[in-house]
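Trainee: Would you be able to build a 3D model of this:
(2 chains)
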Amino acid sequence: AQKITQTQPGMFVQEKEAVTLDCTYDTSDPSYGLFWYKQPSSGEMIFLIYQGSYDQQNATEGRYSLNFQKARKSANLVISASQLGDSAMYFCAMREVSADTGRRALTFGSGTRLQVQP
Amino acid sequence: EAGVVQSPRYKIIEKKQPVAFWCNPISGHNTLYWYLQNLGQGPELLIRYENEEAVDDSQLPKDRFSAERLKGVDSTLKIQPAELGDSAVYLCASSPGVANEQFFGPGTRLTVL
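Mentor: This next block holds a predicted model:
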């Protein structure tokens, strides 16, 4: 089963508008972390925002906010006031601890390509 | 502060040839990761180092892939021999500890002909 699911292969948004990128996850670990990364055409993965499973409030970082709905196992990224430079691939990722291996690596979704139109 | 440095940025080789990728993590970062990213997909972990120790290499194809981080700083990932299916981007990342966010390098794009 997919641990991280991003159902939107591509999204379009008008400049200055808000956009929501969907992410659902699957884990039985009570302690986990959720991340969003941006990957522009240059290829580098850029960290955007982090949400811990025990955090009571939704994380915010500037124009980025994470809509964390624990019961629904979703962690959607909201970008407010989109800019042309926001055009990129966006990846949702989860860090959990494997009971057998102690593995703490990030598991990534397949990504959403966001295109901001002028 | 310098970011994660990787070289080369691009590499084209013929199948069955060996290839090596180099990564210099952010200074002071004890944890180093190598990820493989196929076209149109998210990165997948190959190996994680805590200092010089490989603590998670369960996803590394050990018949042809090897990695080392001898002094707990720089790391090298090697493929020998390369196959057509190894064409991908190889990303290196580092973090101060395993619980922290990971900082990624620009990656090495490998093309195997």
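Trainee: Could you measure from whichever residue of chain B sits closest to chain A over to B:Gln6?
Mentor: Per Cβ to the nearest Cβ, B:Gly42 is where chain B lies closest to chain A, at 2.9 Å. C-beta here means a position set from N, CA and C on the backbone, and glycine is covered the same way. Here the distance between B:Gly42 and B:Gln6 works out to 18 Å (Cβ to Cβ, to the nearest Å).
Trainee: close enough to count as contact, B:Lys11 and B:Thr108?
Mentor: Yes: using Cβ atoms under 8 Å, B:Lys11 makes contact with B:Thr108 at a distance of 6.1 Å.
Trainee: So between the two, which is more surrounded?
Mentor: B:Thr108 (23 against 16; other Cβ atoms under 10 Å in any protein chain shown).
Trainee: Can you report phi and psi for the one residue sitting closest to the centre of chain B?
Mentor: With distances taken as Cα atoms, centre = their mean, the residue of chain B nearest its centroid is B:Trp34 (3.2 Å). Phi and psi for B:Trp34, reported as degrees, to the nearest 10, are phi -120, psi 130.
Trainee: Excluding sequence neighbours, find me the nearest residue to it.
Mentor: B:Leu46 (4.4 Å; Cβ to Cβ, 6 or more residues apart in numbering or on different chains).
Trainee: check contacts around residue 6.
Mentor: Going with chain A. A:21-23, A:91-92, A:109-112 (Cβ atoms under 8 Å, 6 or more residues apart in numbering or on different chains).
Trainee: look at chain B instead
Mentor: By Cβ under 8 Å, 6+ apart, the contact set of B:Gln6 is B:21-24, B:90-92, B:105-108.
Trainee: so, in contact with chain A or not, the helix or strand of chain B with the lowest mean pLDDT?
Mentor: When each helix and strand of chain B is scored by mean pLDDT, DSSP states H and E, strand B:53-56 comes last, with a mean of 88. Yes: applying Cβ under 8 Å from any Cβ of the partner chain, one finds strand B:53-56 touching chain A at B:55-56.
Trainee: Which strands border the helix or strand following that strand, and is each parallel or antiparallel?
Mentor: For strand B:53-56, the following helix or strand on the C-terminal side (DSSP states H and E) is strand B:65-68. Its sheet considered, strand B:65-68 pairs with strand B:75-79 (antiparallel) by DSSP bridges.
Trainee: Counting neighbours, which bits of the partner strand end up buried?
Mentor: Of the residues in strand B:75-79, B:75, B:77, B:79 count as buried by neighbour count, 16 or more other Cβ atoms under 10 Å in any protein chain shown.
Trainee: Which of the three states applies to the closest residue to A:Phe108 other than its chain neighbours?
Mentor: Closest residue to A:Phe108 apart from its sequence neighbours, by Cβ to Cβ, 6+ apart: B:Gly42 at 2.9 Å. Taking DSSP: H, G, I helix; E, B strand; the rest coil as the rule, one finds B:Gly42 in the coil state.
Trainee: now the helix or strand of chain A with the lowest mean pLDDT, how far from the centre of its chain.
Mentor: Within chain A, no helix or strand scores below strand A:106-108, which has a mean of 91 by mean pLDDT, DSSP H and E. Its chain's C-alpha centre and that of strand A:106-108 lie 11 Å apart, by Cα atoms, centre = their mean, to the nearest Å.
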